[in-house]
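Engineer: Got a sequence here, can you model it:
(chains A, B and C)
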Amino acid sequence: MNRFTKSLLGAAFAGAAMVGSFSIAHAEGTIKIAFIDPLSGPFASTGNQGLSHYKFAAEELVNSKGGVLDGQKFEIVAFDNKISAKESLIQLKVAIDQGIRFIAQGNSSGVANAITDAVKKHNRRNPDQQVIFLNYSAVDPALTNDKCNFWHFRFDANADIKMDALTDVMAANEDIKKVYLIGQDYSFGKAVAAAAVKFLKAKRPDVEIVGNELHPIGKVKDFTPYARKIIASGADAMITGNWGSDMVGLGKAVIEAGFDNPIYTYYAASDGITKTFGEAGEGKLKLVMEGQLNPPVSDRAAAYTAKFEKQYPDYDIGQPRIANVIEMLAKAINKAGTATDMAKVAYALEGMEHDSIWGTKVVMRASDHQAIQDVHILAHTAKDVTFDFDNSGYGLRAESTVKMASADSATTCKMKRP
Amino acid sequence: MSEQNTSMAKSSASAQPLVPIKSALPWLAAIAFLLFLPVVFPSGAALTIMNQMAMTIIFALAYNMLLGQAGMLSFGHAVYMGLGGFFCMHLLNQVEYNELYLPLPLLPVFGGLFGLFFAFLIGSFSTRRAGTVFAMISLGVGELIAACSIIIVVFFGGEEGVSGDRTMGPEVFGFDFASQQEVYYLTAIWLILAALGMYLFSRTPIGRIANAVRDNEERAEFLGYSQRNVRWISFCASGFFCGIAGALFAINFEILTEENLNLATSGSILLITFLGGVGFFIGPVIGAVVFTLLQTVLSLYTEIWQLYLGILFVLTVMFFPAGLTGLLAMHLRPWKLGKIGLLANPYAKMLAPALVLVGSGVALMEILFHARHASLGEEEMNLFGITFNSQDWLPTIVVVAIGAGAFYLVRLLAPQVKEAWDMANHAEGQ
Amino acid sequence: MSLFIVNILDGLVTGLLLFMLCSGLTLIFSMMGVLNFAHASFYMLGAYFGYQISTYVGFWPGLILAPIIVGFIGAAVERYGLRRVHKFGHVPELIFTFGLALLIEEVVQYFWGKSQMAFEAPGVLKFAAFSIAGNAFPAYKVFMIFIAMGVFLVLLYILTKTRIGMIIQAALSYPETVQNLGHNVPMIFMGVFGVGTAMAAIAGVIAGPVLGTFPGMAVLLGSIVFVTIVIGGLGSLWGALVASLLIGWLQTFAAAYNLRMADLLVAIGLTEPVDVAQSMLSDLWTLTLPQVGPILPYLLMIIVLVIRPNGLLGKRET
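Structural biologist: I've put the predicted structure just below:
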C-alpha cells in the first residue's frame, strides 16, 4: 500500500466515524415508543399503515386527553427494519440508545422472535435501561408459550386462539363435511395447520380433512395447480394462513378454478388485497380477527374510525388492536406511576383488564402475557359496510363473534419474573 | 488453506521483501484507528453499526478475491458466510447446553473452516468453468441452499432462524463479551487479521496466478497452471474468509436466519464490492463503509433510500466501472506529477453547481413522492430544513428551475474541468 | 386422469408464458453475448403499464400500447446504457443489467407504491371456457395460449422467412461482415433489444391479471427465466421453447402431486420413526414434492450445466 491508499483508508474510517454522530431531535418530556417495522420494501404498506394508526391512536386516545402521569405525551418514533431480523436488532439498539423504553413491532413472527430474544438478553445484561416489547401482530403461538418472557406482551389473539374461534364457527355449520388445509411452509403456516387439525378433530370428528399441505413461502408464481387439487378433492371449505401476495395468488386461483365454498383466512384484507379480490371474494372470503369495524360497535368507535379514514384516506384500520396497545400502555404507566421503571410498568400491564374501543373486554393474561379478547369471523362483502378497505367499496362485516376466545386455554409458559 | 498461504508468503519474504516496511504503516494506522473509534463513539448503536461494517468489510474483501482477483462473478456468495454463521451458532449452543469448551474469540476459526469446507465441496464442480456457467451455477446453488434453509428446520430453524447466547462460554482474560464494546474489539481484531490474511493472499504466487487466469485463461494454462485448480483454490480461500465473517455475525447478532443465505444478501455484496471498486484491494472496504452508512443513516431520513442506491449503482457501472476507489485513483497520476493543484480551482468552481444539481434532483423526487403518497393533513413536508406544502405546484417549479440553472452551470464549467484534467495528467516533456 | 389433463393445460400456459420471456432473452443473448438480468423487469413494466392504461381506456388498448412503450424503453436502455457498458467487458454488462433490475423495481414502487394492483382480466373473457370434472378452465387462459403461440409463429416467420430476419441472423453471427455490407448493425441490435423487451411486456400484460401485478413479480420470475434459457442452451430459440415447456410442466406437476418423501424412503426399505416430530430427520420424513417444487428448476440447471455446459440444444460455449 502506498501513500494514496493510506489516505483512502483514513477517509474510509472518517466516514465510519460519522455513524456515531447521527441522532434525531425529539421533543423533550415525551414518552417515546419505538415502532420497528418494515417501512420500505415489499411489506412497507403494512408497516406504514400500522405506523399511521399508532400515530393517530397516540394523538387521539392519549395526547389530546392530556397525556399520562403529569401531562407527558406519547411520541411514536419510526424505525425501518426492512422486515429483516438483523436490521431489527440494529434498530433496536439505536432505539435503546435514544432512550426509548417501549418497543412496538408486529410484522413477521420471525422478527418478533429475534426481538423478544434480544430484549430478554438486553434486560438481563443492562438492568438500568430495561425495555418492554409490545407485540401487536406477530401471532406465532410459541411467543407466549415456550419462548415467553416477562418483557413481551402480545395484544393480538395468537394463531391457536384464532383457530379455536374459527373452528367453533365452522363446527356449527353442518354443510361443512370436507376441509382442505393449505399454508405457507414456515412456523406460522405449520402452526395454523396443526391447530386446525387439533380443533377440528375435537369439535367435529365427522369432518374429513381432505388435504393438508404446505407450499414454499413467497416462491409460488402460479397457484393454479394447487387450486386444481383443492377442487378435485371435493372440499367444501378451505383454511389458509397465507398473507401478502401468497394470499392473493392462492385466493384468485382457487376462485378462478371454480371453487364456490367459504375460504377461511387470517390475513385477506386491506393493503390492496380487498381491492384485488373485489367482487370475486364476495360470499367466499371469511377472516378471523379481533376488532370489529362493521357494523360499528359504538358511536365512539365509529367516530374514531371515521376520523382515521379522513386523516389517512389511503390507509385503513387493518389492525384495530393498536388502539388497545396505546390505551393499555397509558393505563399501565399511570397505574405504575412511572415511565422509567420498566419492571413496574410490566407488572401493571400484567393481568390488566381493559374495556376496548372495539366493544370487547381485553385481559392481558398474567400467566403468559397473551391478550384474551373477543374474536370475530368477518365476511368480505360490499353489503352494509360503513368503513370499507382500500377505498374499494368492499370491507369486512362481522358475521359471528366468539366471546373472550380461548380464555382458559393452556400455556406452556414458565414466566421468570424479576 | 490461507494459513498455509500466509506461511508461504512469510518464507518467501526472506528472499525478497514481500511486504516492505512502508506497506506496514497503513496497517498500523488502521489498527490505531480501530482501537480509537469506540472512544469517540461509545454508544451501543454506533458500536453495532461499526461491527456490522467490519463484517461487511471482511465479506466484501472475500467476495472480491473472486470478482476482482480471479474474475469470477458469483450470485450466491451469501451461502458461505451464512453456512459458517449457522454452524457457529450451533457451536455456541453446544457451549451453552452441552458444556463444550470453546473460548468465544476462537469461534471465527471454526466459522472459517466451515466456510472453507463448503467452498471446497461446491467449488469442486462449480469452478470447472468461468464466466456465465460459473455465475449461473452459483445462482442455482444459492437458491437451493436458501430454499433448504426453510425446509430443513432442524438445522436452520425455519424462518425464525437459530439463536443463541455468546456469553455462556468460558471467560477470556476476564471478558465475558456481554457488552457491545468487548464484542467490538473482538470483531476489530478479527477484521485486521482477516484483512491482512487476504492482502497477503493476493501477494502470494497463487494470488498472482489467479490474476493471470482472470486476464487470459488459455495463456495461464499454457504456462503450466491448471486454470480450474487456480479458480478452485481462490474459491476455497474466499469461502474461508466468508466463514469468518459469518462467525462474527453469529457473535454480534446472536441469531442467524434465512436472510443470511438468500439471494438479496448475495446481490448486495456484489453491489457493495462493485460500488467500492473491484480493481483495488481497498475498494471493497470503501464500498462496505459507504453502503452500511447509506443503509443505516439514509433510511432514517428518507423512505426511498433504495431508489437512490439503485441510481447510484447504475450510474457507477455506467460511468465509473472502477468504482468509487477508481474515481479517487484517477487522481493518482496528477498527484504523482505534482499537478494535483491544477485541479483544485475548477473542482471548487464545479462543486457548488454540482451539489445544487444533485440536491434539486433529490428534492424533486422527494416532493413528487410525498405528493403522491402523503396522507391528508400531512401535506406539509420538510426538506433541507424548509417546510412547505407538497401539493402546491410552486415548490416543484422552484426546484426544477434551480436544477435547470445548476445544470446549465455544470455544462458551462465542464470544458474547464476537462482542460484542467488534461493539463494535470500531462507529464512534462511528453 | 381428468386432473392430469387439466394439469397438462395449466403447464402449457405457464410454459408458453415463460417462453415469451425466454425467446426475447435468448435473442438478446445471441446478439450481445450477455444475459439480461433485467429482462423480467421489462415484463413487470409491461404489466404495470398495461394496468395503468387499462384504468383509462380498458384492457385491449393496453395490450397494444404497453409493449410499444416498453419496447422503446428497452431500446433506449440498449442505446444509452448497455452500449456504453459493453466496452468494459461482459462482467460489468451483467452487473449493469443486475443493477437495472434493482432500479426498475424501485422505480415501479416509487410510482405505483408497494401494494398489489387490482389489474382485472377483460370482462368478455371472464367466463369458464370449459370445465373438466368440476375444474374450470378460464377463457382468459385459452386466450393466453393463443397469444403466446401467435407471438412465437410471427417471430419464427420473421426470423426465417423475411429479408430483415436474414439480416438479423447474419448480424448475430458475423456483425463485422454485415456492417461492411452496408447494414446499420448497432441499429439492428437496438431493434432486437427493443423487440425482445416488448415481447416480455406482452407477457407482462397478459400475465398481470392472472399472476398478480405487484413489485415482487419480476424477482419471482426473474431467475427462473435465466435458468430456462441456460437449460435450453443459450442462443437457441428451439432450446428455449423446449426448456420453457419442460419447466412449465415440471412446476405444475410438482405442485399438483403430493408425493411424500416418506413413501420413497419406505419403498427403499427404511422404516418410518414412530415419533417423526422428535426425530433428527423429521424434515426429511415429512418432505413433500410441492415443498421442493420451486427449486427443482435450479437443481435441473446445475445438473445440466455440470454434465452439458452448452445446455440441452445449445451449440455455443457459454
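
Engineer: just the strands in the stretch 201-318 of chain C please.
Structural biologist: Applying DSSP state E, counting those that start in this stretch to the stretch 201-318 of chain C gives no strands.

Engineer: in it, which ranges drop under the pLDDT threshold?
Structural biologist: C:274-280, C:315-318 (pLDDT under 70).

Engineer: Would you mind naming what in it lies close to chain A?
Structural biologist: Taking C-beta under 8 Å from any C-beta of the partner chain as the measure of proximity, the stretch 201-318 of chain C contacts chain A at C:210-212, C:214-216, C:220-221, C:224, C:251-253, C:255-256, C:258, C:288, C:290-291, C:293-295. For the C-beta atoms, the positions are set from N, CA and C on the backbone; glycine is no exception.

Engineer: how about a cut-off of 6 Å?
Structural biologist: Residues of the stretch 201-318 of chain C lying close to chain A (C-beta under 6 Å from any C-beta of the partner chain) are C:211-212, C:214, C:216, C:220, C:252, C:255-256, C:290-291, C:294.

Engineer: So for B:Met381, what's the pLDDT?
Structural biologist: Model confidence at B:Met381, given as pLDDT, is 71.

Engineer: Chain B: strands as residue ranges?
Structural biologist: For chain B, applying DSSP state E gives strands covering B:162-163, B:255-256, B:380-383, B:386-389.

Engineer: by contact count, what packs against the second one?
Structural biologist: Taking 3 or more C-beta pairs under 6 Å, 6 or more residues apart in numbering or on different chains; DSSP states H and E as contact, the helices and strands that strand B:255-256 lies on are helix B:78-98.

Engineer: for the third one, same thing?
Structural biologist: With contacts defined as 3+ C-beta pairs under 6 Å, 6+ apart, strand B:380-383 has these neighbours: helix B:340-373.

Engineer: quick one: average pLDDT of the helix it packs on?
Structural biologist: The model assigns helix B:340-373 a mean pLDDT of 83.

Engineer: And the pLDDT for B:Pro108?
Structural biologist: Each residue has a pLDDT score; the one for B:Pro108 is 94.

Engineer: swap that for B:Pro20, please
Structural biologist: 65.

Engineer: before we move on, the earlier item: could you identify which of the strands of chain B is most buried?
Structural biologist: strand B:255-256 (a mean of 28; mean count of other C-beta atoms under 10 Å in any protein chain shown).

Engineer: so what strands line up beside that strand?
Structural biologist: Using DSSP bridges, strand B:255-256 pairs in its sheet with strand B:162-163 (antiparallel).

Engineer: can you give me how far the strand it pairs with is from the chain middle?
Structural biologist: Taking the mean of its C-alpha atoms, strand B:162-163 sits 25 Å from the chain's own mean (C-alpha atoms, centre = their mean, to the nearest Å).

Engineer: and for that strand, what are the contacting residues?
Structural biologist: A:117, B:89, B:254-256 (C-beta atoms under 6 Å, 6 or more residues apart in numbering or on different chains).

Engineer: how about the helices in chain A?
Structural biologist: Remark: helices assigned in chain A by DSSP state H are A:3-18, A:44-57, A:85-97, A:109-125, A:159-172, A:187-203, A:224-232, A:244-256, A:273-277, A:299-311, A:321-336, A:342-349.

Engineer: Switch the residues of the stretch 201-318 of chain C next to chain A over to JSON lines; also include neighbour count.
Structural biologist: JSON lines is the format used below for those (neighbours: other C-beta atoms under 10 Å in any protein chain shown):
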{"residue": "C:Leu211", "neighbour count": "26"}
{"residue": "C:Gly212", "neighbour count": "24"}
{"residue": "C:Phe214", "neighbour count": "28"}
{"residue": "C:Gly216", "neighbour count": "18"}
{"residue": "C:Leu220", "neighbour count": "21"}
{"residue": "C:Thr252", "neighbour count": "25"}
{"residue": "C:Ala255", "neighbour count": "28"}
{"residue": "C:Ala256", "neighbour count": "24"}
{"residue": "C:Pro290", "neighbour count": "23"}
{"residue": "C:Gln291", "neighbour count": "22"}
{"residue": "C:Pro294", "neighbour count": "21"}
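
Engineer: Let me know the closest of the residues you listed to chain B.
Structural biologist: C:Gln291 (6.0 Å; C-beta to the nearest C-beta).

Engineer: Give the burial count for the residue lying closest to C:Cys22 once chain neighbours are set aside, as a bare number.
Structural biologist: Distances taken as C-beta to C-beta, 6 or more residues apart in numbering or on different chains put C:Ala240 closest to C:Cys22, at 4.1 Å, once the chain neighbours are dropped. C:Ala240 sits with 32 neighbouring residues when counted by other C-beta atoms under 10 Å in any protein chain shown.

Engineer: So which residues on the stretch 251-400 of chain A come close to chain C?
Structural biologist: Going by C-beta under 6 Å from any C-beta, the residues of the stretch 251-400 of chain A near chain C are A:256-258, A:271-272, A:275-276.

Engineer: what's the most distant pair in those residues?
Structural biologist: Every pair in those was compared (C-beta to C-beta); the two farthest apart turn out to be A:Gly258 and A:Asp271, at 26.6 Å.

Engineer: So which of the two has more stuff around it?
Structural biologist: Applying other C-beta under 10 Å to A:Gly258 and A:Asp271 shows that A:Asp271 carries more neighbours, namely 26 against 16.

Engineer: just checking, the more buried one touches C:Ser115?
Structural biologist: Yes. Under the criterion of C-beta atoms under 6 Å, A:Asp271 makes contact with C:Ser115 at 5.4 Å.
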